[in-house]
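> Give the three-dimensional model of this entry:
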Amino acid sequence: MKLRKAIRARLGHMQFMKELKKVRFKREVVGFDQANKIGLLYDATDEKDYEIVKSYVKSVRSTYKKDILAMGFVDKKTLPTAQFAQYGLDFFTRKDLNFKMIPVNPIVQNFINEKFDILINLNSGKCFPLQYIAAMSHARFRVGRYVRTATDSYDMMVQIKGEPAIKVVIDEIEHFLKQLKKAE
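Numbering: from 1, shown residues only. Next comes the predicted model:
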């Protein structure tokens, strides 16, 4: 089973690299204060991570008055009953991936086409479907954790050692985004 998944991932990566060469969007640096619309990608397989992201989305909406949408990948065939789509929190599962592990769900395609000011991928880079979405995103500024093999997928990468809790990743990335100021 692992060999089959490895082959699928390799085929998907080859298609991904072909598609990535064709992608040409205007990119620009956008700080947290200048952003109006933010996209968030994360691994929603762990229910605790889902709850933390859900709380963060509510906080950003109420505190900063920003439009924020989160897309979570649940690495299972079906969505757990505790997790359900609601405004600003969508999901996709393994059944929404094609043979090459590329997301084919229309909700994911809409997320990719969304004109976010900032797209943040909270994942460590080990989840190919999330990396694919981040790289193909129409966002003005794409931010993710540093992964040596994914430098083409992001405009800014934040190096965070180890596998910290998702709350730590959120705080670190938000900290660096708040440091960015618009050039005058």
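> Just give me the longest helix of this structure.
Of all the elements of type helix in the chain, the one with the most residues (DSSP state H) is helix 2-22.
> Put the alpha carbons of the helix or strand following it into PDB.
Beyond helix 2-22 on the C-terminal side, the first helix or strand identified by DSSP states H and E is strand 37-43. Once non-C-alpha atoms are left out, strand 37-43 reads as follows in PDB (Å, rounded to 0.1, in the frame of the first residue of the first chain):
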ATOM      1  CA  LYS A  37      -8.700  38.700   2.400                       C
ATOM      2  CA  ILE A  38      -6.700  35.800   3.900                       C
ATOM      3  CA  GLY A  39      -6.600  32.200   2.900                       C
ATOM      4  CA  LEU A  40      -5.500  29.500   5.300                       C
ATOM      5  CA  LEU A  41      -4.400  25.900   4.500                       C
ATOM      6  CA  TYR A  42      -3.900  23.300   7.100                       C
ATOM      7  CA  ASP A  43      -4.000  19.600   7.900                       C
END
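> quick one: strands adjacent to strand 37-43?
Sheet pairing here is set by DSSP bridges, and for strand 37-43 it gives strand 67-74 (parallel), strand 118-121 (parallel).
> who wins for proximity to Ala9 among the ones you listed?
The closest approach between Ala9 and any of the strands paired with strand 37-43, judged by C-beta to C-beta, belongs to strand 67-74 at 14.0 Å. For glycine as for every other residue, the C-beta is placed from the backbone atoms N, C-alpha and C.
> what's downstream of the closest one, the next helix or strand?
Going down the chain from strand 67-74, the next helix or strand is strand 89-93, by DSSP H and E.
> on contacts alone, who are the packing partners of that following strand?
With contacts defined as 3 or more C-beta pairs under 8 Å, 6 or more residues apart in numbering; DSSP states H and E, the secondary structure elements packing on strand 89-93 are helix 47-59, strand 67-74, helix 106-113.
> Would you format the ones you listed as TSV with mean neighbour count, distance to Asn121 and mean pLDDT included?
Below are those laid out as TSV (neighbours: other C-beta atoms under 10 Å; distance: least, C-beta to C-beta, whole Å; pLDDT from 0 to 100):
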stretch	mean neighbour count	distance to Asn121	mean pLDDT
helix 47-59	16	12	93
strand 67-74	22	10	96
helix 106-113	15	12	96
